[in-house]
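Colleague: My questions concern the predicted model and sequence given below.
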Amino acid sequence: MTTTEAFESAALVAVTQLGAVQLRALADRIAAGWPDHAALHTVGVAGFADAAKAVLRAQHDAGLTDVEAAAYLRGVAAGHAQQAAAVRVESVWSGPGTYRVPVRSTAQVLVEIAGEADHELLLMTYSAKPYPPLLDALSAAVGRGVAVTVVVETLQGAGSALAGAEPAAAFASVAGVRLWHWPGDRRAEPGAKMHAKIAVADRRVLLVSSANLTQSGIGKNIEAGLLVRGGAAPVRAAEHIAELRAQGALAPLRHGS
């Protein structure tokens, strides 16, 4: 890979991770001649500084001027925004199927989302049990460098509504998965639950479903969801989770918690 190709690759990674608006903001700072250390803090969003640092390093390695680099980044941002504006939505179901109305299955879509993630994969679930096809897909994602984050409920947080092993235990076989939870002392209302069930890949694909990450939720129960590709919804979902983590509403789940 040439240094120019490395810059192009860094720009692609940055727009995938940050979105068009934030990449354009970086381009504006580069065009204005801001020093690197200042440009890194253009946007106070988790992950921005790392992505910007990779772009700036690649720019310098390629010997590109600020004007050239900014123009390229703006072009990448414009193309990404145009592509992201094309939104596709389809229904996703667990449980029995019908011949007259073919629909995508929750199990199929979850494995597909994990399989197509390049940089970031976020999952949230209330209950969880080991589901081998999904665990295999998560292991493969971690193996290719995807940052996999799973937010789960805990037995303590669920009260008497959940029993058996901790939901987090469902992911114990996948090394590299980052587990988070909503600590009880950070819940404003007694009895509040971490009840969301979503999956987000690279801030461009979002599954919102009633299905927990269990054999029953994914395959046996009748559960319904929507798969959204493109548009603002996947970006906003990922940003919201990142902000909950940054503000401390969500906390890392330690082993044995």
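Modeller: It's in.
Colleague: Just give me the neighbour total for the residue lying closest to residue 18 once chain neighbours are set aside.
Modeller: Computed as Cβ to Cβ, 6 or more residues apart in numbering, the closest residue to residue 18 that is not its neighbour in sequence is residue 51, at 5.5 Å. C-betas here are computed from N, CA, C, even on glycine. Neighbour count for residue 51, taken as other Cβ atoms under 10 Å: 24.
Colleague: ok, now which ones touch the residue nearest to residue 69 when sequence neighbours are not counted?
Modeller: Once flanking residues are discounted, residue 69 sits nearest to residue 59: 4.5 Å by Cβ to Cβ, 6+ apart. Applying Cβ atoms under 8 Å, 6 or more residues apart in numbering to residue 59 gives the contacts 7, 30, 69.
Colleague: would you list every one of the helices in the stretch 1-150 of the chain?
Modeller: Counting by DSSP state H, counting those that start in this stretch, the stretch 1-150 of the chain has helices at residues 3-18, 20-31, 36-39, 48-62, 66-85, 106-116, 132-143.
Colleague: ok, back up a step: hmm, the residue nearest to residue 18 is touching residue 12, no?
Modeller: No: look at residue 51 against residue 12 with Cβ atoms under 8 Å: they stay out of range, at 10.7 Å.
Colleague: can you list the domains in this structure?
Modeller: The record's domain parsing of the chain by automatic domain parsing lists 3-85, 88-252.
Colleague: What's the end-to-end length of the shortest one?
Modeller: Counting by Cα to Cα, to the nearest Å, you get 31 Å between the two ends of domain 3-85.
Colleague: do stretch 160-176 as well
Modeller: 30 Å.
Colleague: State the pLDDT value of the spatially most distant residue from the centre of the chain.
Modeller: Centroid-distance maximum for the chain: residue 100 at 33.8 Å, with Cα atoms, centre = their mean. With respect to pLDDT, residue 100 scores 78.
Colleague: gap between it and residue 222?
Modeller: 17 Å (Cβ to Cβ, to the nearest Å).
Colleague: In ChimeraX, select just the buried ones from the contacts of residue 59.
Modeller: In ChimeraX, a selection of the buried entries from those looks like this (16 or more other Cβ atoms under 10 Å):
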select :7,30,69
